[in-house]
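[1] What follows is a predicted protein model with its sequence.
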Amino acid sequence: MDTVIVIGEALVDVVDRPEGRVEHPGGSPMNVAVGLARLGRPARLVCALGDDARGASVRDHVGASDVQVDATAIDRTSTAVATVGEDGGASYEFDLDWRLDAVDVPAGTPLVHVGSIGAVLQPGAQVVLDAVRSRPAGALVSVDPNVRPTITPDRDGVLATLAPLLAEADVVKCSDEDAAWLWPDRDVAAVLDGLLEHGAGLAAVTLGGSGCVIATARARRTLPAPTVDVADTIGAGDSFMSGLLAGVLATGVAPADLDEDELGRLAALALACAAVTVSRPGADPPTRDELAADVAATLGERAV
């Protein structure tokens, strides 16, 4: 099975909880790479890490899920200080260095996933775009804006940087909060319409505890989220993304050609992955074996 390439930030989440401060490896792209690998899809993470204890913890974490790491050397590993509220939601303050060596995307790569800070913060963002544009024929592109206004507060600048990536994308996912910040004059339906018109074959908007809406130009589905006790929401959207992408790759169907039933199965898989993640602390996506059999069936046969 060919390896998915995920390009973006890997860092350490420093989480302030009522019981004290703890640290977990994190970063949206890193979480997506781990989520894909745990679902049986080999992944290579292209990121930037320092030669320090936090960088070692990131390498150990992704290595435990058999994610390959291709890291540009930086002075110190980036951090995100996350404060978890009473409802389990998290807010972040970042100390981030985003530089990236040129990225090689080999022939046979089935998917290149990009997004979050790594897609919009220079100078690394230009390398991300170059990698997407130079991908081999047949490689899908997925984008998760996962906006961080504390790092990139200029909405017009973020939109301008995202635009060429979205034009290349086959799959786009964003949260309702992302959508409200990026396109404050649009409701969820209009956001999906805009993404599809911009070129995406498949677009999804997550709605927190209310589920998601997923659409192609031909079909649209709204699914509720499973009911779970929430520990925190760290990594929930990333688990949704990894489940969605693993499911898309398993179908073998071009994202734009997915029918209504397939959209429903993909959304159920993605929501199930997110539900497991929010049920436990930190960004800890599920393995295939932790999913219900009917949901995991969307992933197809196990890799040998």
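    Alright, I've got the coordinates. Residues are numbered from 1 along each chain as shown.
[2] Near the residue nearest to L96 when sequence neighbours are not counted, how many other residues are there?
    Leaving aside its sequence neighbours, L96 sits nearest to S78 (CB to CB, 6 or more residues apart in numbering; 4.3 Å). Heads up, the C-betas are built off the backbone N, CA and C, glycines and all. S78 has 24 neighbours, counted by other CB atoms under 10 Å.
[3] Then D185?
    If we define neighbours as other CB under 10 Å, then D185 has 6 of them.
[4] any idea how far A131 is from it?
    As judged by CB to CB, to the nearest Å, D185 and A131 stand 32 Å apart.
[5] who touches V132 in this structure?
    112, 114, 141, 165, 168 (CB atoms under 8 Å, 6 or more residues apart in numbering).
[6] among those residues, who's most crowded?
    V114 (28 neighbours).
[7] Return the backbone torsion pair for D52.
    phi -150, psi 180 (degrees, to the nearest 10).
[8] Isn't it up against R76?
    Yes. Contact criterion CB atoms under 8 Å: D52 and R76 qualify, at 5.7 Å.
[9] now the host helix or strand of V112, how far from the chain's geometric center?
    Assigned by DSSP states H and E, V112 belongs to strand 111-115. Centre-to-centre, strand 111-115 and its host chain are 8 Å apart (CA atoms, centre = their mean, to the nearest Å).
[10] Could you give the average pLDDT over the following helix or strand past that strand?
    For strand 111-115, the following helix or strand on the C-terminal side (DSSP H and E) is helix 117-120. Per-region confidence: helix 117-120 scores 96 on mean pLDDT.
[11] how about the next helix or strand after helix 117-120: buried residues?
    Following helix 117-120 in sequence order, the next helix or strand is helix 124-133 (DSSP H and E). Using 16 or more other CB atoms under 10 Å as the test for burial, helix 124-133 gives 124-125, 127-129, 131-132.
[12] for stretch 136-145, same thing?
    Per 16+ other CB under 10 Å, stretch 136-145 contains these buried residues: 139-145.
[13] Show me those that map onto strands.
    140-144 (DSSP state E).
[14] Put together CSV for those, with pLDDT and distance to L266 on each row.
    Compiled in CSV, these are given as follows (pLDDT from 0 to 100; distance: CB to CB, whole Å):
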residue, pLDDT, distance to L266
L140, 98, 14
V141, 98, 17
S142, 98, 13
V143, 98, 17
D144, 98, 15
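[15] still on that earlier bit, quick one: which two of the contacts of V132 are the most distant?
    Greatest spatial distance in these: V112 and L165, 10.3 Å, computed using CB to CB.
[16] Spit out the residues that contact those two alike.
    Going by CB under 8 Å, 6+ apart, residues that sit against V112 and also against L165 are 132, 141.
[17] pLDDT score for A303?
    46.
[18] just P18 next, same as before
    For P18, the model assigns a pLDDT of 71.
[19] which residues sit in contact with it?
    For P18, the contact set (CB under 8 Å, 6+ apart) is empty.
[20] what separates it from S279, distance-wise?
    In terms of CB to CB, P18 sits 18 Å off from S279.
[21] Can you pull up the most central residue in this protein?
    D238 (4.0 Å; CA atoms, centre = their mean).
[22] isn't that one right up against S28?
    Yes. Using CB under 8 Å, D238 is in contact with S28, at 5.2 Å.
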